[in-house]
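J.: sequence plus the predicted model coming up.
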Amino acid sequence: MTLSRRHLLASALAAGALPLLPARADAPKTLRVLVGFPPGGGSDAIARLLADKLKDTLGVPVVVENRPGAGGQIAAQALKGAPADGSTLFLTHDHTISILPQVVKNPGFDPARDFVAAGGFATFVNCLAVSPGTPAASFAEYVDWVRRQQGGKSAVGIPAPASTPEFLVRLLGQRYQLDLVAAPYRGSAPMIGDMLGNQIAAGIGSVQDFIENHRAGKLRVLAVLGGRRQAALPQVPTFAELGLPGFEDTPYYGFYAPAGTPEAVLARFAEALSRVVAQSQVREQLTAMGLTVGFMTPAQLAARERAYTAAWQRIIQDSGFKPQ
């Protein structure tokens with residue numbers, strides 16, 4: 001490397017930027033990133049942060065396209081119908097890839113057949129939060145409060161039907177002998193809107209969905225899933241600490257492409273994603289959103305997806321849930 005090139009690289013690194021990946025003749029002129037949830041939610045915020053950084057590394061415009069509805073099902077179907085040339089990717093988490101195909105009879109896509117992993121960037125956990133009008137400062141106080149309601153009945157918001165949060169609602173009701181009713185929404189944003197307005201007493205979603213309102217004192221996160229407390233919420237106990245083990249395996253976030261996308265195109269995107277995730281500013285912002293950041297190659301993301309899917313297959317079967 002010449003002195004001038006070395007100086008340019010050092011300057012770019014010092015500025016928090018990375019040099020563009022070498023251009024390819026077959027590279028897409030624009031990258032479209034599908035998101036299966038509405039603007040304003042955790043997935044949307046993550047997508048827009050990464051899109052802004054990916055455009056600088058890939059050297060092409062990166063456009064976030066929200067296709068909300070059915071827990072990501074609509075966006076997944078759009079990915080299935082997209083050209084397999086690297087111009088369209090799907091940023092999603094475990095629900096759409098690992099859970100939804102097991103709880104919906106005809107989802108309109110088969111992840112194993114229709115998609116291919118393009119790279120992962122984080123894991124996260126779900127949590128239970130209560131509305132400002134719910135008089136509970138701890139999970140034990142929340143359980144006591146529900147028991148004092150008529151018939152021990154209370155609704156709990158969830159961002160999508162037949163999702164990890166819905167199964168958690170079922171298990172919490174069984175474990176504590178409560179009549180908890182899961183109230184499905186079209187994503188976390190409308191659910192949180194109703195929680196802030198005290199239209200619903202509690203909700204279960206990802207940490208990144210609740211973290212900002214928790215910090216602002218508008219909502220209160222009372223318990224998190226996962227095997228350990230979260231760096232973004234060090235004072236909040238895990239469900240395992242509270243006596244509800246079995247949810248230690250953590251969900252994942254990643255990008256998927258249509259099946260048949262050339263390996264060279266996938267490798268180029270994975271390299272760009274690894275560079276973006278390595279930036280300290282990006283890691284700090286994602287961590288502040290409640291994510292545990294760590295780049296996963298396409299092969300590593302695919303392996304994690306298979307393991308998580310198998311774990312949830314057992315949980316779904318044990319719950320007695322029938323695909324709908």
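T.: Noted; the coordinates are in hand.
J.: please identify the buried residues of the longest helix anywhere in the chain?
T.: For the chain, the helix that runs over the most residues, judged by DSSP state H, is helix 298-319. Buried residues in helix 298-319, defined by neighbour count with 16 or more other Cβ atoms under 10 Å: P298, Q300, L301, A302, R304, E305, Y308, T309, W312, I315, I316. From N, CA and C alone the C-beta is placed, and that goes for glycine too.
J.: what sits up against it?
T.: 94, 97-99, 102-103, 111, 116-120, 164, 167, 170-171, 246, 249, 251-252, 254, 266-267, 270, 296 (Cβ atoms under 8 Å, 6 or more residues apart in numbering).
J.: cross those residues against strands and list the overlap.
T.: Among the contacts of helix 298-319, the members falling in strands (DSSP state E) are V116, A117, A118, G119, G120, Y252, G254, M296.
J.: would you turn the residues you listed into CSV with distance to G187, neighbour count and pLDDT?
T.: Shown next, in CSV, are the ones in strands among the contacts of helix 298-319 (distance: Cβ to Cβ, whole Å; neighbours: other Cβ atoms under 10 Å; pLDDT from 0 to 100):
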residue, distance to G187, neighbour count, pLDDT
V116, 25, 18, 98
A117, 23, 23, 98
A118, 23, 26, 98
G119, 24, 26, 98
G120, 21, 25, 98
Y252, 19, 24, 93
G254, 19, 26, 98
M296, 25, 25, 98
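J.: how about those residues, which pair is most distant?
T.: Based on Cβ to Cβ, the longest span within the ones in strands among the contacts of helix 298-319 runs between V116 and Y252 and measures 15.4 Å.
J.: distance check, G203 against G86.
T.: Distance, G203 to G86, using Cβ to Cβ, to the nearest Å: 36 Å.
J.: tell me the domain ranges of this structure?
T.: Recorded structural domains for the chain (assignment: automatic domain parsing) are 28-123+250-319, 126-224.
J.: and the last one, end to end?
T.: So the one you mean is domain 126-224. Terminal residues of domain 126-224 are spaced 6 Å apart (Cα to Cα, to the nearest Å).
J.: let me know the helix or strand that L222 is in.
T.: Using DSSP states H and E, L222 falls within strand 220-224.
J.: the more surrounded of G203 and G86?
T.: G203 (27 against 23; other Cβ atoms under 10 Å).
J.: ramachandran angles for the more buried one?
T.: When read as degrees, to the nearest 10, the backbone of G203 gives phi -150, psi 150.
J.: now the one 5 residues further on
T.: Note on Q208: its backbone torsions stand at phi -60, psi -20 [degrees, to the nearest 10].
J.: same deal with A183?
T.: Torsion angles, degrees, to the nearest 10, at A183: phi -110, psi 100.
J.: what's the nearest residue to it if we skip its chain neighbours?
T.: What sits nearest to A183 in space, not counting adjacent residues and going by Cβ to Cβ, 6 or more residues apart in numbering, is A155, at 4.6 Å.
J.: and G133, by the same measure?
T.: Nearest to G133 is N198, by Cβ to Cβ, 6+ apart, at 3.8 Å.
J.: so the one you found sits in a strand?
T.: No - going by DSSP: H, G, I helix; E, B strand; the rest coil, the assignment for N198 is coil, not a strand.
J.: residues contacting it?
T.: With Cβ under 8 Å, 6+ apart, N198 has these contacts: S131, P132, G133, T134.
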